[in-house]
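Q: Just the structure for this:
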Amino acid sequence: MLVIGDTHGQYDKYCRIIADSEEDTSIQAGDFSMNKTHWLDHENYLDSSKHRVLRGNHDPQLFAAKRKFDLGDYGEFNGAFYIRGAQSVSRPQKSKGIKWYEEEELTEKEGVMALEAYAKAKPEIMITHDCPWEIAHALFNISIKTRTNVLLQQAFEIHQPDLWIYGHHHKSVTKTANGTLFQCLGILDSTVI
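A: Numbering: from 1, shown residues only. I've put the predicted structure just below:
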């Protein structure tokens, strides 16, 4: 399976990555598009049973009307567990609805349900849009604790998967912590799992 980092509306490049891959399934790890038109094109081009999108913090049109490519809030797809969402970096400086949306992150209740499902699944592979707080702090010097990076930190403390792939930070870097390889995908970077 192919995992693709943030796309940010670069739909043609995203489709080229999938077309050039030998993998027949994919997960796009959030921030797919800020434009509804890209979603409509995506729906006509790709098989939604094989190519799915994990909502990030820059997918506002998905918050109101989920599409068939949307993975949902959390769960499993092709052997990987996923949890959606992140807080926009610019959130403290922006007005609600301009650059950030209340639905960017799971609610507290949704987070509890995601943790319960994760603890039960004990996956070998985790795919998220953001990463656990300790990884964000170590790799990107992020000191702000958000609902999402704290939730992902709790997940990591419950169970350490072999591999954790995420986007959001727009840099391709890796770090191993407690036996888990964390791989951040830059914009339109991809990896095969």
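
Q: from here on, contacts and neighbour counts on C-alpha atoms
A: OK.

Q: who's in contact with stretch 173-182?
A: 135, 139, 160-166, 183-185 (CA atoms under 8 Å, 6 or more residues apart in numbering).

Q: how about it: buried residues?
A: Of all the residues in stretch 173-182, those buried under the rule 16 or more other CA atoms under 10 Å are 180-182.

Q: State the distance from the residue nearest the centre of the chain to residue 22.
A: When the chain is reduced to its mean C-alpha position, the closest residue under CA atoms, centre = their mean turns out to be residue 129, at 2.4 Å. Distance check for residue 129 against residue 22: by CA to CA, to the nearest Å, it reads 24 Å.

Q: With residue 50 instead?
A: Distance of residue 50 to residue 22, given as CA to CA: 13 Å.

Q: neighbour count winner among the two?
A: Residue environment comparison for residue 50 versus residue 22 gives the larger neighbour count to residue 50, 15 against 11, counting by other CA atoms under 10 Å.

Q: The more buried one reaches residue 28, doesn't it?
A: No: using CA atoms under 8 Å, residue 50 and residue 28 do not qualify as a contacting pair, with a distance of 11.3 Å.

Q: how near is the residue lying closest to residue 21 once chain neighbours are set aside to residue 134?
A: In space, and not counting its chain neighbours, residue 21 is closest to residue 2: 7.7 Å by CA to CA, 6 or more residues apart in numbering. Using CA to CA, one obtains 26 Å as the distance from residue 2 to residue 134.

Q: Now for the residue nearest to the centre of the chain: which residues touch it?
A: Under the criterion of CA under 8 Å, 6+ apart, the contact list for residue 129 reads 29-30, 54-56, 83-86, 166-168.

Q: change it to 7 Å
A: Applying CA atoms under 7 Å, 6 or more residues apart in numbering, one finds that residue 129 lies in contact with 29-30, 56, 84-86, 166-168.
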